[in-house]
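Asks: okay, here's the prediction I keep looking at, along with the sequence it came from:
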Amino acid sequence: MATHKSAEKRDRQNKRRRARNISAKSALRTKVKAVDTAVEGKKKTEAATALKMTAPALAKAASKGIIHKKNASRKISRLTKKVNALK
């Protein structure tokens with residue numbers, strides 16, 4: 001447990017950031033899942049629409065440090081490849 005005033009503040013900040021990151025990661029997983037389910041159902045327009053919402057969200061999460069930049073790039077690439085394979 002933190003005993004110094006600055007350490008207590010750091011602890012509070014870390015808890016807030018952790019909660020925010022967990023929420024953001026969960027939202028990302030939901031968006032990625034929407035693309036995957038549309039691809040598995042062979043719904044071209046639905047998959048393309050979901051991808052248009054997912055790609056910027058992944059890029060934004062990477063810029064905020066929620067996920068790594070290369071992780072976001074890899075996910076965007078693989079999802080795009082799946083959606084394009086439907087056409």
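Replies: Looks like it came in fine. Numbering: from 1, shown residues only.

Asks: going forward, measure contacts and count neighbours with C-alpha atoms only.
Replies: Will do.

Asks: okay, and the residue most central in space within the chain sits in which element?
Replies: With distances taken as C-alpha atoms, centre = their mean, Leu28 lies nearest the centre of the chain, 3.1 Å away. Assessed by DSSP states H and E, Leu28 sits inside helix 5-40.

Asks: before we move on, what about Lys52?
Replies: Going by DSSP H and E, Lys52 is in helix 44-64.

Asks: what is the orientation angle of that helix with helix 5-40?
Replies: Counting by axes from the mean of the first three to the mean of the last three C-alpha atoms, to 10 degrees, helix 44-64 lies at 160 degrees to helix 5-40.

Asks: circling back: OK, contacts around the residue nearest to the centre of the chain?
Replies: Going by C-alpha atoms under 8 Å, 6 or more residues apart in numbering, Leu28 touches 54, 57-58.

Asks: for the residues you listed, which single residue is the most surrounded?
Replies: Highest neighbour count within the contacts of Leu28: Leu58, with 26 neighbours (other C-alpha atoms under 10 Å).

Asks: so how far is Asn84 from that residue?
Replies: Look at Leu58 and Asn84: by C-alpha to C-alpha, to the nearest Å, they are 18 Å apart.

Asks: and stretch 15-24, what's its mean pLDDT?
Replies: The average pLDDT for stretch 15-24 rounds to 96.

Asks: what's the answer for stretch 36-52, then?
Replies: Stretch 36-52 shows a mean pLDDT of 96 in the predicted model.

Asks: that one: end-to-end distance?
Replies: Terminal-residue distance, stretch 36-52 (C-alpha to C-alpha): 13 Å.

Asks: buried residues in that stretch?
Replies: 36, 38-39, 44, 46-48, 50-51 (16 or more other C-alpha atoms under 10 Å).

Asks: no more questions from me, cheers.
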